[in-house]
Structures are given as C-alpha cells and as structure tokens.
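Novice: quick one, structure for this:
(chains A and B)
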Amino acid sequence: MRILFVIHLLASFYASYWILEKVSFASDTAGSAVVAFFLSFTVIWFLLSVFRRRYFKLVIQLMRLFKFFIKDFIRANVRLTKEIVTPKINLQPAVVKVPLSLHSDTSIMVLTNMSNLTPGTLVVGVSDDKRYLFVHTIYLNGGTLEGFKSYMKEGLEKRLLDVTALSASPESVGASGGGDNESIKKIKKTKE
Amino acid sequence: MSNVTLVISASFVLLGSLIMLVSAIGLLRLPDFYSRLSAVTKNSTLAVLMIVIAAVFYFNNIEVLLKGLGIMFFIALTSPTSAYVMAKAAIHIKVPFWHRTNLNDFKNDEAEKLNDDK
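Specialist: Residues are numbered from 1 along each chain as shown, chains lettered A, B, ... in the order given. Got it, this is the predicted structure:
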C-alpha cells in the first residue's frame, strides 16, 4: 500500500508535467501547476481505486489526518500568540505520561513530530519499551491529567491508527520485519 | 505581474515577520526552558512557511513552486525533530521546571529511567 502511494504521487507529478507541456491553454504560472497536479492526482486516485478498493479509503484517511493537523497547527499559533501578547501569563504546565497504542518506529516518529506542532505540547521523551510518551504541555486541557490523556488519544493518535491499519497490507507485514504489531508478535512466537 | 499577487505576497511577508517577532518576544517572556522551546518551534515554523509561500506568490512560476514545496516539507520535518532532541537533552542534564508545573506523572525514578541510556 505504501509503494502504491509513492507510485501514485510520482505518476501524478509526471501527468501534471505532461499537461503543462502539451495542453496549449495551460500557462506557466504556479497556480496552473497546482491545478494540473490536483486534477491528475484525483484522476489517478480513481483509476487506482478501481483495482484496490482499500486504497480509496486510505487516501481519504490521509486527507482527514492532514486537515485535522493543519487546523490544530493554526489554532496552536493563535493561542500562543494571544498568550504572549497579553500582559498576564496564566499557564498551567504539566508533564503527562501518555500511553501509546501505536508501536512501530515510523508511526511514533510521525506522532512525535505532529504533536510537537500542535497546541502547547512538546514531547520530552519516549520510554524504553515504547509504550509511553512523556509530553510536556502548557495548557492542561480539562484541568486533569486524565483529560489530557483522553484528548491525545481522541485527537491525533486515533486518526494515525486509522491510516496505519489501512496501509499495512498482509504481504508487507511479513516482509518489513519488525515494526508493526503483528510482526512483533510473530517474531516473539518464533523465538519462544 | 498583476497587482493582486503583489498584495497577497506582501501581506504574507508581513504576517510571517509579525509571527516571528511574537515568537522572539515569547522567548523572552515565558517562564521556563520547556515552554520557551514549544513557543519557538510552533511560531517560527509557521512564520518561515508563510515567507516561503509569499516568495512563491511573488515569482509565480513552476521552478520556484517546486523549490518552495521542498523547503516547506523539510522545515516542517526537521524543526519539531530538533525541538524533541533539545528537550531530551534538557531532561538529561536536569534543567529545572517552572515551580507551578504539575509533575505528578513524572516522578524521579521515571526521569532516572529515561536517563539510563546505557
């Protein structure tokens, strides 16, 4: 599935290049390049989803994750700017130990990078067994540690889980060798 | 070049530099190392992205668009990673938290465990 997404991106790049070269009324500006890219992206997306039905859902989940992330990023900036410009600082910082339900290295990296850019949170460390994330937050949402944990779980992590559940096809789990949940279980079984 | 793209790119540059200024003020005003770090990563990333978008609007051709997309992608990838590495280093040498920080979930033994790399 991941390889399919890379092929999809490259093919739509090539198609948009082709559109800009051959079609006479497409001008050389940045706007027309963006329009051509999105046009070829959607066309190839529908073509691919004829062959693989799950791929259609995967792209939709990726878009939802991206939309949520952009919205949170803008909200974070507005909130911090308000905090800095107004004269009185009322922060409520805390360090929270958030349990993770993602276990592969790549998804933890993506989650860490994204939550470093969303409101008030800064990842301070990952525990050795990759089961907890230590998050320093400026605003303790809901006032309690439990409320913040559920906020992390309902927000980014749930959407990331949707993506990873779709992107791991049964063949690639065996081939990737470590990372995903099921492959770790398989390795443990063979060791025993 | 039309006037519309000029106005759009000028307003993007203005907004980006204002956000950069706010993040510089926040670096001075916020109480401790960790909150300063989080202020700097978020605001300055958005500001740099806005200035790159303004450059794309100003030149308005495909080469600048591709280069701008590359710059935006790599800045959005590396800036939070470097913030994470700095925060981990600060935990390692025990930079003190602000006195009002809620540390119930982060007791000493867990901090020690996080420091035990070897």
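Novice: what about the helices in chain A?
Specialist: Listed in chain order, the helices of chain A (DSSP state H) span A:2-22, A:30-51, A:53-85, A:105-117, A:145-152, A:158-167, A:170-176, A:181-191.
Novice: deepest of those helices, which one?
Specialist: Mean neighbour counts were compared across those using mean count of other Cβ atoms under 10 Å in any protein chain shown; the top stretch is helix A:105-117, at a mean of 19. The way it works is simple: take the backbone N, C-alpha and C, and place the C-beta from them, glycine included.
Novice: ok, residues contacting that helix?
Specialist: Applying Cβ atoms under 8 Å, 6 or more residues apart in numbering or on different chains, the external contacts of helix A:105-117 come out as A:69, A:72-73, A:76, A:100, A:102, A:121-123, A:126, A:130, A:133, A:135, A:152, A:156-157, A:160, A:164, A:179, B:38, B:41-42, B:45, B:76-77, B:80-81, B:83-84.
Novice: narrow these to just the buried residues.
Specialist: By neighbour count, with 16 or more other Cβ atoms under 10 Å in any protein chain shown, the contacts of helix A:105-117 hold A:69, A:72-73, A:76, A:100, A:102, A:121-123, A:126, A:133, A:135, A:152, A:156-157, A:160, A:164, A:179, B:38, B:41-42, B:45, B:76, B:80, B:83-84 as buried.
Novice: picking up where we left off before, among the helices of chain A, which is nearest B:Lys88?
Specialist: In this view, the helices of chain A are compared for proximity to B:Lys88 by Cβ to Cβ, and helix A:105-117 is the closest at 10.6 Å.
Novice: what domains does the record give for chain A?
Specialist: As assigned by automatic domain parsing, chain A contains the domains A:1-51, A:53-169+A:178-185.
Novice: return the helix or strand in chain B with minimum mean pLDDT.
Specialist: Taking mean pLDDT, DSSP states H and E as the measure, the helix or strand of chain B with the lowest value is helix B:108-115, at a mean of 58.
Novice: just to revisit the earlier point, in strands, which of the contacts of helix A:105-117 fall?
Specialist: Assigned to strands by DSSP state E, the following of the contacts of helix A:105-117 qualify: A:Thr121, A:Leu122, A:Val123, A:Val126, A:Leu133, A:Val135.
Novice: can you give me the distance of the fourth one to chain B?
Specialist: By that I understand A:Val126. Using Cβ to the nearest Cβ, to the nearest Å, one obtains 9 Å as the distance from A:Val126 to chain B.
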